[in-house]
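S.K.: Return atomic coordinates for the entry below.
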Amino acid sequence: MIDGEIEACATEEPYDKADCGCAHGNTPPLLWEPATLVDAMDAVIHRGGHIGTHAYGDRAVRNLLDVYERLLKRYPHLPQGTLVMEHGGLAIAEQRARAVALGIHVTIRHPLLHYFAGIQEVYRGI
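M.R.: Here you go, the predicted model:
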C-alpha cells in the first residue's frame, strides 16, 4: 500500500474540503517513501515474487509508476503480471496511458467505483 483508502488517498492537490475530519488534515501522506519501496520490492522480485500495490490517489499512482519503472529498468524481462497496481482510482489519463505503456496490470473493482462516489463527495468535494 502506497496510500490509504479513499479518505486517506495521496493526491497531488489538497482535498477540497479542509473540514473532512481526517486525522491527516486535507493532505494525506504516502505510506512509503519511493526509494524505500524500490528496495523492498527489489527484494521480493529478486526472490521470484509478484507484487500488487494499492494506489488510489493520483500522487500515489504517479509515485508507484515511478517505482515500477525503476524496477523494470533493473529487471527488463519481468513476466507480464509481475507488477500490478491495485485500483488506481484517481489516476489521470496520462497515468493510465503510462501504466499501459509500462505493461502494468491494474485491478479495478467496479463495485468500489459505485460505492466510493458518495464518499468522494465528502472527502474530495467531487
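S.K.: C-alpha only now, for contacts and for neighbours.
M.R.: Will do.
S.K.: And the average pLDDT for the lengthiest helix in the chain is what?
M.R.: For the chain, the helix with the greatest residue count under DSSP state H is helix 58-74. For helix 58-74, mean pLDDT is 98.
S.K.: Surely residue 31 touches residue 1?
M.R.: Yes: using Cα atoms under 8 Å, residue 31 is in contact with residue 1, at 6.9 Å.
S.K.: Can you give the distance from the longest helix of the chain to the centre of its chain?
M.R.: Relative to its parent chain, helix 58-74 has a centroid offset of 9 Å by Cα atoms, centre = their mean, to the nearest Å.
S.K.: Pull out the buried positions in it.
M.R.: Neighbour counts using 16 or more other Cα atoms under 10 Å place 58-69, 71 of helix 58-74 among the buried residues.
S.K.: for stretch 71-88, same thing?
M.R.: 71, 83-88.
S.K.: mind checking the end-to-end distance for it?
M.R.: End-to-end distance for stretch 71-88, by Cα to Cα, to the nearest Å: 19 Å.
S.K.: ok, now how distant is the residue most central in space within the chain from residue 65?
M.R.: What sits nearest the mean C-alpha location of the chain, by Cα atoms, centre = their mean, is residue 55, with 1.9 Å. Separation of residue 55 from residue 65 (Cα to Cα) stands at 10 Å.
S.K.: ok, which stretches of the chain are strands?
M.R.: 51-55, 83-87, 105-107 (DSSP state E).
S.K.: which residues sit against the last one?
M.R.: Around strand 105-107, the neighbours that count as contacts under Cα atoms under 8 Å, 6 or more residues apart in numbering are 80-81, 83-88, 99.
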